[in-house]
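Undergrad: model this:
(chains A, B and C)
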Amino acid sequence: MKQKIRKYCFPLGISAAALVLLLVAVFAVFLFKKEQQPPTLRVGVAVYSQEDTFIHSLVQDFEQMAHQRESEEGIRINLNIVDAKSSQLIQNEQIEQLISLDYDVLCVNIVDRTAAASLIDWASEAGIPVVFFNRQPVREDLLRWENAYYVGAPAEQSGILQGQIALELWQNEREQVDRNGDGILQYVILEGEPGHQDTLIRTEKCVQVLTDAGIRAEKLVSDSANWSREQAAVKTTQWWADYGAEIEVVFANNDDMALGVLDALSELGAEEPYPIIIGVDATREALEAVQSGKMSGTVLNDGTGIAQALLELSLSLYQGENPAGRVDLEDGHYIWLPYRQVTQKELPGDGS
Amino acid sequence: MFLRRMIRKAVRSYRKMGIQMMISISFTTVTVIGMMLLCGMLVLRFSNAASALQQDTGQRMIEQVNRQLDTYLRGMMQLSDTIYYRVLKNNDLAEMVPAESLELLYEENRSALVSVSVFAEDGSLVTAAPFFQLKKGVSPQNQQWFLRALDQIENQHFSTPYVQNLFDNGGEYLWVISLSRHAELTYAGEIRRGVLLIDLSFSGLEQICRNPELPGGGYFYLTDRNGEIIYHPDQQLIYAGVANGSPIDVASLKDGVHQLEVDGVPHQVMVKTVGYTGWKLVSLVPSKNLAGDVDQFRWFGVALLVFVIFLLAFVNMHLSEHISGPLRRLNQAVNALEAGQEQVEFRQDGCIEVQHLAHSIRSMVSTMRHLMDDIIEQEQNKRRLEMEVLQSQINPHFLYNTLDSVIWLTENERYEDATRMVAALGKLFRISLSRGKVVIPLKDELEHARHYCTIQSIRYKERFETRISAEPDTENLYTLKLIIQPILENAIYHGMAAMDEDGCISVHAWRDEQNLYIDVRDNGLGIPKETLDSLLDDSKPMKKSKGSGIGVRNIHHRIQLVFGPAYGLQFFSEPDEGTLVRIHLPVLDEQAAERYPREGGQR
Amino acid sequence: MKRRHKNFIQLAILAALSLLVILSVFFREISWPETREDRVEISVLFREWESGIWTEVRRGMEKAAADCGAELRFLTPQEANSAAEQQLLIEQELQNGADGLVVVPASPEVLENTAQIHRGVPRVAMESAPGGGSFPVVPDNPGIGKMLAEAAAEDFPGGGTALLVNPVPGSGGLWERLDAAGATLRERGISVLVCEGEQEWKERIGQADFCLLPDPALLQPMLDFCEEHQIQVPLYTVGYSKDVADGLENGQIAAAVVWSGYGEGYQAVRQAVLGKDAGPLEIPVILVRKEEMYEAENQKILFPIGN
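TA: Okay, the predicted model is just below:
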């Protein structure tokens, strides 16, 4: 009888012991894995398009800063950058993917600013803070959740600064600017992508500054060149044929189009001084053009500042601090990094 | 042969099995087989249903994508029609190039389009939206789409993806799909041949095809009728030459579901031809993934099965233990009883039937014991009575003979002898009564022997002499009464009767540790060998002899009855030399003697 | 006592099995390879980042990471082509528990030195194969050099002088390309000038009839320099980037040997995730001239497409 019991007990005991061991091993693996590495902040960065040079350099700055901060803060910062290629559908998929991978913070450069509501809802459901940057969602959407933020410049400011550059030149160098001497400022506008927030705001604001200052301004023509240098050049060639020297000021919604104007003018062999040409973005080439006087000014969007703010915000959110301690938080949701105007006098002498 | 042996073996061991084993094994076997069948059937049904469902889902998805593609392509063809019939045909290009309307239509569809352009037969650009300069050194008239449009003028032609090489658009290399058609261009009333080209952006197509993820980790791709890839989720890897894009010969496959080996793995392949273009939408799903969730279900089934088997085994074992345990214990008790164990316990537990059975057996056993005790007691009583009868037999004979001798002595006026004889007789009887005790002091027994010898020697005219002695250490010992006298009687009748004068009988008591020996020795004729052997043998008839009639065999039995089989008589005899009868008894002191009952008393 | 012990074990097993049944019901929910701790972290380190020649490689890497469930850490070196900084970064990454490394070494020592420290972590070397236990995902460098040189020799049947510029003197892979090219050119009777530093090529570019670059990073500066100084030198280059395509398109590059950076990046990360040597990189390498760049097979490799 005893023998029999032992015979039963043996395999039973072994399997019970094996089960317990297995469980212990699984737990041990989990604990061990968790302890082994320094804490990791994982940031999902969704951009509307990597082709956009401004966004591209912003992201590059972000990466570089994050890497430098790693050793200072004693944590690892992993950035996963996804490119929506200008499709909100793709971006939605990417955000869902990032949320399912349990990222700590999402930084979203949204494609379609009207689509922010659903993104915020997903993020709040998963409890992942979401920081929009550069492309500003509607205020009502952002207020849906306390952990939704916006980092960037107030869009209307870029237009206002463009207007101010023109205003300043008009007031200080009237003779040069008012080519036909009629006291009216004749201008053309090269617009970006139709329906784009920046296009709408910049186009409206740059002129509004002038009219608010009591200057008579006359729009000769305006058209969309889709942010494209080449299309801008084509448009300029047409307009030059139509209006020629009547054009006193060219407002371009971005620098690429402003450079397209320059391309067209030099192609056409127009005489210098060119009309006042003002862009936005302060790209490298535009700065060179400003330096050489071919362009009158541009507006700097502080990409590095945005990247810095994104990093600080992500870190404080990850560490569970109140973000207001690290960054200037307005309304609890906004971090403003104002545009700055760039004309020849703002640039250092050596031209880079 | 082997099987039969196995079966026979199994049957044999089955027959030999206990109730518990039998119950638990057969119950478990039956339920396990039942469970396995049930689980197997469930899993089979479920997996079939699941894979059918997945196939259905896959089919519906491919239908849906096909419809979307169809809508998209038809939309583009409609756009082409609109441009051609509304914009180009209505205008005389010599008067005005309808750039505005073209621009408008382009803007309307700009998310799907890269450009809309019209070329003359010589490849020169008539107009385009958005307007770009034609690249230097480009000859559209040699490009595929142009040639095909002019080759088949009644059709609209979709190309495979390629990089647009027409416009000076700032170093952007855009992947497009061309929709080209022959167009009649009117120049001042003169009809010229031309080509209308609508370049669809690749990303528009990509967005239609990329969304759906097939159940079971499958994917879609799109090829033209020759199997040239138009869209593939890993398109760039395929273009890079890293991945194998189209591992199956799509061109040869008809629409429908196929089972094919792809890279050595069986896949379910669905093919659907997109209308008008002849493009083929292909979905690939590894067959083993088709049953996707069934894996989980299978795991569940196996886990449940193992669990239920263990549960059943557990319950069955306990159940059968509950049923068979009392029976087994009963069996053990009965076995113990058979082996002669005295104290056997019968527990009354388990089922009511078993309880009843145990109860019955117990009462039966106790009845049996009582009966057996009764029988033993009766037997003992019978034996004792018999003994007593035998004992009492000495008295009349002996008394008769002695009294005869006394009469004879008196008649011969030997008064002295007569007095001695009568005195000895009196003492003899006193001792033999001994107040009814069975065990008497040794010295009394020896005294009894002496008196007996005195009487006998007077009767036999002093023909023999008697010596009675005892070792000092035997003084206070006890013995069974009346055991020496019958032996003396024997010795006198068989040994001394034939002797003259020099007969000698000695009685000697001695002790060897816990044994008391009483030797009765005579120098008579001795006993013949065969008689000697049969003396103590119950199976031989007792020789009837003269004398008191109490055979030595009776003494032997009495001793053994009282003290056990280790004790009794021993005979040593040499013919003409004499005989030694040794009585072997345990050493009994006064205390020990007390324990032996009186004659006729209860045990 | 014994009996009770046995019952206890049986009950324990029953409990464990019922747990198993319950677990199997939630099988899907507890399959955990998707949780964050289990994702493989691959650190990627290029020689330099500024020139933008790695954009396509990076896209390929990202695709591979998405396919393999890995997470990439792109490290951005401050200084271009600095072996010392690379080594520091690699050591730092290994210490912080990277699961794999993909490195474009600025010098072969970078990976050889770290091989001693961390044997377990798979290290993939791109562009040059420095050994030291790392897995090379490297195109056929000598073959590329030879191809380029033959294309150049075709254009200069009468001989001439070739300038071979290596912008990264530490890189073994680039030297392999240039050495093979140099040997081929000499065979064809073309004299070869080899130079390394920026100063050197600027001085000597005037003496050359054409110039061979093993890597497109130098393309833009060289084109700018030539434009500035009115020097007409046909360029022959290797590699994948928009600059190469632009150069071909504009006629600034006579011919280029091209393969897909996307595919190369994809393979590199996949190697790092798999963690075993899959042999040399098998990737189609083509020679492209301006006239051929829009041919169906060439454009597939030259121009990146969607996804």
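Undergrad: the bottom helix or strand of chain A by mean pLDDT?
TA: Lowest on mean pLDDT, DSSP states H and E among the helices and strands of chain A sits helix A:2-36, with a mean of 53.
Undergrad: next, count neighbours for the residue of the stretch 101-250 of chain A found nearest chain B.
TA: Among all residues of the stretch 101-250 of chain A, A:Glu230 sits closest to chain B, at 4.1 Å; criterion: CB to the nearest CB. The C-beta positions use only the backbone N, C-alpha and C, and glycine is treated the same way. Counted with other CB atoms under 10 Å in any protein chain shown, residues neighbouring A:Glu230 total 24.
Undergrad: for it, grab phi and psi.
TA: The phi/psi pair for A:Glu230 (degrees, to the nearest 10) reads phi -70, psi -40.
Undergrad: so it is in contact with B:Asp168, correct?
TA: Yes - checked against CB atoms under 8 Å, the pair A:Glu230 and B:Asp168 is within contact range at 6.4 Å.
Undergrad: so where's the stretch 1-150 of chain B shaky on pLDDT?
TA: B:1, B:14, B:16 (pLDDT under 70).
Undergrad: show me the helices in it, by range?
TA: Along the stretch 1-150 of chain B, the stretches classed as helices by DSSP state H, counting those that start in this stretch are B:2-16, B:19-81, B:99-108, B:144-151.
Undergrad: which of the ones you listed sits most buried?
TA: Of all these, helix B:144-151 has the most neighbours on average by mean count of other CB atoms under 10 Å in any protein chain shown, namely a mean of 18.
Undergrad: my guess is B:Arg582 is in a strand, correct?
TA: Yes - membership of B:Arg582 in a strand is supported by DSSP: H, G, I helix; E, B strand; the rest coil.
Undergrad: and for it, the neighbour number?
TA: 17.
Undergrad: returning to what we had before: so what sits against both of A:Glu230 and B:Asp168?
TA: Common neighbours of A:Glu230 and B:Asp168, using CB atoms under 8 Å, 6 or more residues apart in numbering or on different chains, are B:Phe132.
Undergrad: what about the helices in the stretch 1-150 of chain A?
TA: Using DSSP H, counting those that start in this stretch, helices in the stretch 1-150 of chain A cover A:2-36, A:53-73, A:88-100, A:116-126, A:139-142.
Undergrad: next, residue 201: secondary structure please.
TA: Reading this off chain A. helix.
Undergrad: wrong one, chain C
TA: helix.
Undergrad: I figured it hits C:Leu164, correct?
TA: No - contact criterion CB under 8 Å: C:Trp201 and C:Leu164 do not qualify, at 9.4 Å.
Undergrad: list residues touching both of the two?
TA: Residues within reach of C:Trp201 and of C:Leu164 at once, by CB under 8 Å, 6+ apart, are C:Cys195.
Undergrad: Provide a list of residues in contact with the residue of the stretch 101-250 of chain A closest to chain B.
TA: By CB under 8 Å, 6+ apart, the contact list for A:Glu230 reads A:Gly260, B:Phe132, B:Asp168, B:Asn169, B:Gly170.
Undergrad: now the residue of the stretch 151-300 of chain C found nearest chain A, nearest residue through space, not along the chain?
TA: When scored by CB to the nearest CB, the stretch 151-300 of chain C has C:Lys242 as its residue closest to chain A, at 10.3 Å. Distances taken as CB to CB, 6 or more residues apart in numbering or on different chains place B:Gly171 nearest to C:Lys242, at 7.1 Å, with adjacent residues excluded.
Undergrad: which stretch of helix or strand covers that neighbour?
TA: Per DSSP states H and E, B:Gly171 falls between elements, in no helix or strand.
Undergrad: returning to that earlier point: same list, the contacts of A:Glu230, but as TSV with distance to chain C please.
TA: Output for these, formatted as TSV (distance: CB to the nearest CB, whole Å):
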residue	distance to chain C
A:Gly260	17
B:Phe132	14
B:Asp168	10
B:Asn169	11
B:Gly170	10
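Undergrad: and the least confident of these?
TA: Lowest pLDDT within the contacts of A:Glu230 is found at B:Gly170 (67).
Undergrad: quick one, phi psi at A:Lys85?
TA: Per degrees, to the nearest 10, the backbone of A:Lys85 is at phi 50, psi 50.
Undergrad: in space, what's closest to A:Thr114 - neighbours in sequence excluded?
TA: Among residues not flanking A:Thr114 along the chain, A:Val138 sits closest, at 6.8 Å (CB to CB, 6+ apart).
Undergrad: neighbours around the one you found, how many?
TA: A:Val138 has 12 nearby residues by other CB under 10 Å.
Undergrad: can you check A:Leu89 too?
TA: When neighbours are counted by other CB under 10 Å, A:Leu89 comes out with 14.
Undergrad: ok, for it, nearest residue in space, not its chain neighbours?
TA: In space, A:Leu89 is closest to B:Gln207, 6.1 Å off (CB to CB, 6+ apart).
Undergrad: ok, the one you found touching A:Gln88?
TA: No - contact criterion CB under 8 Å: B:Gln207 and A:Gln88 do not qualify, at 10.4 Å.
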